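[1] sequence first, then the predicted structure, then my questions.
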Amino acid sequence: MNVYMDNAATTAVKKEVLDEMIPFFTEKYGNASSIYRLGRESKKALDQSRNKIANILGADPKELYFTSGGSEADNWAIKGVALANRNKGNHIITTKIEHHAVLHACEYLEKNGFEVTYLDVDEDGLINLDELKGAITDQTILITIMYANNEIGTIQPINEIGEIAKENNIYFHTDAVQAIGNIEIDVKDLNVDLLSISAHKFHGPKGVGALYIRKGVKIHPYIHGGAQEKNRRAGTENVASIVGMAKAIELAYENLEEHNNHVMRLRDKLIKDVMDKISHVRLNGHSQKRLPGNVNFSFEFIEGEALLLSLDMVGIAGSSGSACTSGSLDPSHVLLAIGLPHGIAHGSLRLSLSDFNTEEEVDYVVENLITIVDRLRQMSPLYENVKEEK
Ligand SMILES: *Cc1c(COP(=O)(O)O)cnc(C)c1O
């Protein structure tokens, strides 16, 4: 059996999405800036896609800018606002649990004269609104806080953060990459000024995303070149992918309730079965305020890397809570920020669900986890001590 439970890393492109994209590679391949029919057709598809996506987000189509994905949208929002508002101040507020696209963009700005406050989170991964208020200075120009965390699934109080930003006349950007397709989003209700999305996290293609920029926000362009995207983001538009992203977001919101009911049922079963059947396990992330498809466990006395490899051998794809996979032995910054000791953070496993997962798959994963965790623990000297103490 092959089980894919790493949908927070990327998702399968839905068949309906691919079907809409294909003509734009081979037949309707015109450059959207060209004036002849082929070009106009591309331009029309681009406009329709922009309208669809903007409509779902409650934005004006003029406020939506296509990018190469979530990382570019995050980088653009942060560096673009910082550069354009430097005369007003040099202080940015973010959190310790952001995606690296946000954290590393902030670190880059710190090396270039900006100051950044990284807010702590509590053991569930939530920021404290009073701490946010307390961090604001007369130099603060931007608050960037993610909507939902990609590792532990915790959902922040974006509404309230938006209000605080608005009251203080500070721009508010949110990385909504994990939230899109899981949570109903209206940029006007949320009081956000900038919001990042990425198609491959909601069954669209990789390499395409968008940045919502509220009308009136002062921001520098990110890619210089042609006049595309109202002179703000140069480069021949990736029409096929943009069409795919529009179809994917449309499908996601048409079936939102169904999707959420399905993945939440699987998520809750997975959590219950694992907690019931395996000892010394911790569920990371908020118990209620979490993404419908996110599960993140820490198994004591186990190396996450060994667990992932064993799961892979029985056809299960998940993700570890450490960055070992990227060649470093540091546990994830998110798990450390919620206060997990290194040892426990190392034994973490994220399983993220999609519409395509089934109850049968959940049973298969639980069954295999029981055996694998037991086998790995038998090899652990630390676990030996625990058993002897009993
Ligand atoms: C995946 C992800 C990104 C990066 O998006 P890409 O399109 O892969 O560049 C940014 N933020 C979060 C929260 C993500 O999950």
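    Received the coordinates, thanks.
[2] switch to C-alpha atoms for all contacts and neighbour counts from now on
    Will do.
[3] okay, now residue 341: neighbour count?
    Residue 341: 12 surrounding residues under other Cα atoms under 10 Å.
[4] what sits against it?
    Shown in contact with residue 341 (Cα atoms under 8 Å, 6 or more residues apart in numbering): no residues.
[5] before we move on, what about residue 146?
    Here residue 146 is in contact with 98-99, 156, 174-176 (Cα under 8 Å, 6+ apart).
[6] ok, now residue 40?
    Counting by Cα under 8 Å, 6+ apart, residue 40 has contacts 30, 32-34.
[7] CA atoms only for the helix or strand containing residue 77, dumped as CSV, please.
    Element membership for residue 77 (DSSP states H and E) is helix 70-84. Provided in CSV are the C-alpha atoms of helix 70-84 (Å, rounded to 0.1, in the frame of the first residue of the first chain):
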residue,chain,number,x,y,z
GLY,A,70,4.6,31.3,-1.7
SER,A,71,8.2,32.0,-1.1
GLU,A,72,8.3,34.8,-3.6
ALA,A,73,5.0,36.3,-2.3
ASP,A,74,6.5,36.3,1.3
ASN,A,75,9.8,37.8,0.2
TRP,A,76,8.1,40.5,-1.9
ALA,A,77,5.6,41.4,0.8
ILE,A,78,8.3,41.8,3.5
LYS,A,79,11.2,43.3,1.5
GLY,A,80,9.0,45.4,-0.7
VAL,A,81,7.1,47.0,2.2
ALA,A,82,10.3,47.4,4.2
LEU,A,83,12.1,49.3,1.4
ALA,A,84,9.1,51.4,0.5
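[8] the helix or strand just after it versus helix 70-84: what angle between them?
    For helix 70-84, the following helix or strand on the C-terminal side (DSSP H and E) is strand 91-95. Orientation check (axes from the mean of the first three to the mean of the last three Cα atoms, to 10 degrees): strand 91-95 against helix 70-84 gives 150 degrees.
[9] strand 91-95: how far from the chain's middle?
    18 Å (Cα atoms, centre = their mean, to the nearest Å).
[10] which strands or helices does that strand pack on?
    Strand 91-95 sits against strand 115-119, strand 140-144, with contacts defined as 3 or more Cα pairs under 8 Å, 6 or more residues apart in numbering; DSSP states H and E.
[11] could I get these as TSV with distance to residue 288?
    Listed next are those as TSV, based on distance: least, Cα to Cα, whole Å:
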stretch	distance to residue 288
strand 115-119	22
strand 140-144	23
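[12] among the ones you listed, which is nearest the ligand?
    With Cα to the nearest ligand atom as the criterion, the ligand lies closest to strand 140-144 of the helices and strands packed on strand 91-95, at 11.8 Å.
[13] looking at the helices and strands packed on strand 91-95, which is buried most?
    strand 140-144 (a mean of 26; mean count of other Cα atoms under 10 Å).
[14] the next helix-or-strand element following that strand: which residues count as buried?
    Next in sequence after strand 140-144, counting helices and strands by DSSP H and E, comes helix 158-167. Within helix 158-167, the residues that count as buried by 16 or more other Cα atoms under 10 Å are 158, 161-165.
[15] which among those gets closest to the ligand?
    Checking these against the ligand with Cα to the nearest ligand atom, the nearest one is residue 158 at 14.2 Å.
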